[in-house]
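Undergrad: Predicted model and sequence below, questions to follow.
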Amino acid sequence: MCGIAGAFSSKGSIAYQALICATDKMAHRGPDSKGYFTNEEETVFLGHRRLSIIDLSGTANQPMVSADGRYIMVYNGELYNFETLRNKLPNHSFKTHSDTEVILELFVKFGTDCFAWFNGMFALSIYDSQTKKLYLSRDQVGIKPLYYYRDEQQFVFASELKVIQNYCSETSIDLDVDRNAVAHFLHLGFIPQPYSIYQKVSKFPAAHYAVLDTTNGQLALTPFWSAASHVLHDSIVNEDVAFNQYKDILFGAIEGQMIADVPLGTFLSGGIDSSLVTAVASKLSSQKINTFSIGFNEAAYDESVHAQNVANSLGTNHHLFKVSVNDILEVVPSLLNVYDEPFGDSSAFPTMLVSQMARKHVTVTLSGDGGDEMFQGYGMYAWANRLDKPLVKAFRKPFYAVTRLMNDRYKRGGELFNYPDESRIHTHIFSQEQYFFSEQELHRLLPGNNFNFAAINSTSDVRKNISPAERQAYWDFEHYLQDDLLVKVDRASMQYSLETRVPLLDMKVVEFALNLDYNLKVKEGYGTKYLMKKLLYEMVPKEIFERPKRGFSIPLKQWLKGPLKYMVDKYLDKAMVEQYGYVSYTEVSKLLARFNKGENYLYGRVWLLVVLHWWLSDK
C-alpha cells in the first residue's frame, strides 16, 4: 500500500523539486521508502511513497523498471491474484516476490488487456519510454484513490488531492472552487467522481485506464470493466447452489486477502458484515485474529458490547477503544488535512480513531465495507420500493403536506415523498435518508448556482426488470460506496500508515452478488443480507445479532448543540457566510433557528454547512 504521483509538462522541464515536495506530503501513505523518476527530457515525473506489505526487501521499491528497461511504474494497492497471474509469464525470471513486478511484466507482454485480469485494489501509472506514452489505471470498484489535474500545458496526478494542491501552490497555479461540486456536496455529503472541489481537478474513474500521449498531450479514457458486462441473463435462484457458491467464493476471497508479510487484524463493529469477515478469517487463521472495535460513552451509539460478544464467540484477541467527546475533539482539527476537500461523513472521526489504535498492533486490517450495497442492507432500499407503488406516486404530495404538521420523525420521513421527479430519485432518497439538503432546498440555499444532478442519478444498465431497491443499491455501489465509504476508510487508515482491505468487494464476490436473485438477499424471517446471515450463523450464534441495525456514527446532533457548538457559531456566523458567498445567509439563519428550536433532524444539513465553510476558511 502506497502513495503515487506523477506529472507531464508540454512547456519544457517539469518543476522537479516542487513535485518531490508535493509527493512527500503523503509520506503517511508510504513511510518505508520513497523514490522518484524523470525522463531524459525532464518532461515526465513519477513519484512513490511505499508502505511495505508483501516482499519487504528493497528490490521491490518503486518506481520499478521493467526487465527490458523500457517501462517505469508506480503502483498503489494490492493484487490478490498475482500468484496466479504470475503463471502467465512462465519464462520470466522474477527478481522479487512482489505483486508490483507481476503487474509491470504483465503489462510489458499483454498491454492494457491485463487490467481486466486484476483482482484487487489498485491505482497505477506506467511510462513507456519508447512511445512516450503515460498510462494510468484504477481498480474496478474504486477502492484506491486517484486524482488528476489537467490544463493546456501540464497533467498532474496523485493518490491524494493534497499533492496536487501543494504542487499548484508551489508553481503559482490557481485552483478555483467548482460550484457544481459544492451543490453535490450539500446534497450528498460527499463529492462524487468525476468532480473534485476544484474545477480542473478530477477523480479518475474506477474500472478505467487512460493513455496520455506526451508527444501531443492527448488523453484518452477507456473502461475495462463494468457491472453490466458481468451480469447473466438469468440470476442465481437456487438457494443451495447459491449458498455453496457464496461460501466457497467468500472463503477464497478472504484467504487471498490475508496474505501479508506483516501483522494483520480485522475491524469488528459487531454488525453482520464485519462479523462475517472476522468469522471467516478466524476459521482460516492458524492463530488468534486481532480484532479492533470502538465504543461510545453515549449508550445510544455504543455497539461495543455486541462486538465483544462476537469476539468472545470466535476467540479473537480483541481490542476495544471507548470514545469520549474529548477523543473526538482531539481529531476534529485534522479532518480537513486528512480528506483535503469537504467531506460530510462524521463517522470519519471514529474511523480515524480505530485506525490509529489498530496501527499500534498491526499493519493490515480487513474491513466489512460492501455488504450493504451487495446484499440490500440499507433502509433506503425499502423506501425505493415503497415510493414506486402506484398509490404512493399518486398521493405523495398530500402525504408530504400532512407530515409537515407532525413531529420530527414524520417530518423527516415525509421529505422522502417530496422528490422533484423520478429521473432524480436516487440522489433524493439518499440525501433524505442521510438528513442532507434536498434539491428543492438547494435552489433556495444556492442562489445563482446552476447545478444539475441528472448525470449523478444515472446507473449502469445492469439487468432489466430489477426492483427499485436493487436499482438504488446499484447507485450506491457506483457512487456512495466509491466516493464516501471507501474514501472514508482509505484516508482514515492511511493517515496512520495502516492498509485496509475490503474482501466483501473482492471481484469474485461482487460478480457473484450482481447475479444473485433478490429473494436470496431479502427473505422473510431474516430480513436483508439473507445469504450473508445464513453463512455467519454457521459460525456465530444468531442470537448475538437479534437487534436493530445501527450505523457507525457519532451523536452529532447532540454534540452540535454541545461540545461542537463552537464550530456552528464560528463557521456559520453571518460575516463568515457572506464573506464567501456560496450560500444564502438568510436560508442559513432560518435553518439554524429551526434546529435550535428543536427540529433536530436538521443536524446533517447544519454539519455540511459547517464543513463547507470550515474548508473554505482553511484552504
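TA: Sure thing, it's come through.
Undergrad: Ends of stretch 566-579, what's the gap?
TA: Distance across stretch 566-579, first residue to last, is 19 Å (C-alpha to C-alpha, to the nearest Å).
Undergrad: So which bits of that stretch are buried?
TA: Taking 16 or more other C-beta atoms under 10 Å as the basis for neighbour counts, the residues of stretch 566-579 that come out buried are 567-568, 571-572, 576-577. Every C-beta, even on glycine, is put in place using the N, C-alpha and C of the backbone.
Undergrad: same deal with stretch 554-563?
TA: Here stretch 554-563 shows 554-560 as buried, counting by 16+ other C-beta under 10 Å.
Undergrad: taking the residues you listed one by one, which sit in helices?
TA: When helices are assigned by DSSP state H, the members of the buried residues of stretch 554-563 inside them are 556-559.
Undergrad: Now render the residues you listed as a markdown table, adding pLDDT.
TA: Below are these laid out as a markdown table (pLDDT from 0 to 100):
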| residue | pLDDT |
| --- | --- |
| Leu556 | 90 |
| Lys557 | 90 |
| Gln558 | 90 |
| Trp559 | 90 |
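Undergrad: Does the most centrally placed residue in the chain lie in a helix or a strand, and which?
TA: In the chain, the C-alpha closest to the average C-alpha coordinate belongs to Leu486, at a distance of 1.9 Å (C-alpha atoms, centre = their mean). Secondary structure from DSSP states H and E places Leu486 in helix 486-494.
Undergrad: Moving along the chain from that helix, name the first helix or strand you hit.
TA: Per DSSP H and E, helix 486-494 leads on to strand 499-501 as the next helix or strand towards the C-terminus.
Undergrad: Who are the packing partners of the helix or strand following that following strand?
TA: The first helix or strand that comes after strand 499-501 along the chain, using DSSP H and E, is helix 507-514. Taking 3 or more C-beta pairs under 8 Å, 6 or more residues apart in numbering; DSSP states H and E as contact, the helices and strands that helix 507-514 lies on are helix 239-257, helix 371-374.
Undergrad: contacts for the helix or strand that comes right after helix 507-514?
TA: From helix 507-514 onward toward the C-terminus, using DSSP H and E, the following helix or strand is helix 530-536. Taking contacts as C-beta atoms under 8 Å, 6 or more residues apart in numbering, the residues outside helix 530-536 that touch it are 242-243, 246-247, 250, 272-273, 275-276, 279, 371, 375, 516, 520-523, 526, 542, 545.
Undergrad: re the thing from before, pull the contacting residues for the residue nearest to the centre of the chain.
TA: If you count contacts by C-beta under 8 Å, 6+ apart, Leu486 has them with 141-143, 369, 502.
Undergrad: Can you pull out the low-pLDDT segments for this structure?
TA: Low-confidence segments of the chain, defined by pLDDT under 70: 1, 54-57, 232-233, 300-301, 461-464, 548-553.
Undergrad: Would you mind confirming that Arg358 is in contact with Phe267?
TA: In this structure residue 358 is Ala, not Arg. Yes. The pair Ala358 and Phe267 qualifies as a contact (C-beta atoms under 8 Å) at a distance of 7.2 Å.
Undergrad: residues shared between the contacts of these two?
TA: When contacts are counted by C-beta under 8 Å, 6+ apart, Ala358 and Phe267 have 292, 365 as shared neighbours.
Undergrad: Could you give me the buried positions within the helix or strand where Trp383 lies?
TA: Counting by DSSP H and E, the element that carries Trp383 is helix 379-387. For helix 379-387, a neighbour-count test (16+ other C-beta under 10 Å) marks 380-385, 387 as buried.
Undergrad: Pretty sure Leu212 sits against Asp128.
TA: No. Counting by C-beta under 8 Å, Leu212 sits too far from Asp128 to count as a contact (10.5 Å).
Undergrad: what is in contact with the two at once?
TA: Jointly contacting Leu212 and Asp128 under the rule C-beta under 8 Å, 6+ apart are 134-135.
Undergrad: And those two? Which one has more around it.
TA: Neighbour comparison, Leu212 and Asp128: the larger count goes to Leu212, with 23 against 18 (by other C-beta atoms under 10 Å).
Undergrad: So what sits opposite the more buried one in the bridge?
TA: On DSSP bridges, the residues paired with Leu212 through beta bridges are Leu134, Leu219.
Undergrad: mind checking the backbone torsions on Val610?
TA: As for Val610, its main-chain torsions (degrees, to the nearest 10) stand at phi -60, psi -50.
Undergrad: Helices of the stretch 1-150 of the chain, residue ranges please.
TA: Counting by DSSP state H, counting those that start in this stretch, the segments of the stretch 1-150 of the chain that form helices are 16-23, 82-86, 99-110.
Undergrad: is it true that Arg386 touches Val392?
TA: Yes. A contact is recorded between Arg386 and Val392 when judged using C-beta under 8 Å, the distance being 6.2 Å.
Undergrad: Could you report the distance from Glu587 to Leu572?
TA: When C-beta to C-beta, to the nearest Å is the yardstick, Glu587 and Leu572 sit 11 Å from each other.
Undergrad: give the contact list for Ser282.
TA: By C-beta under 8 Å, 6+ apart, the residues touching Ser282 are 288-289, 314-316, 539.
Undergrad: and the residues you listed, which are buried?
TA: Buried residues within the contacts of Ser282, defined by neighbour count using 16+ other C-beta under 10 Å: 289, 314, 316, 539.
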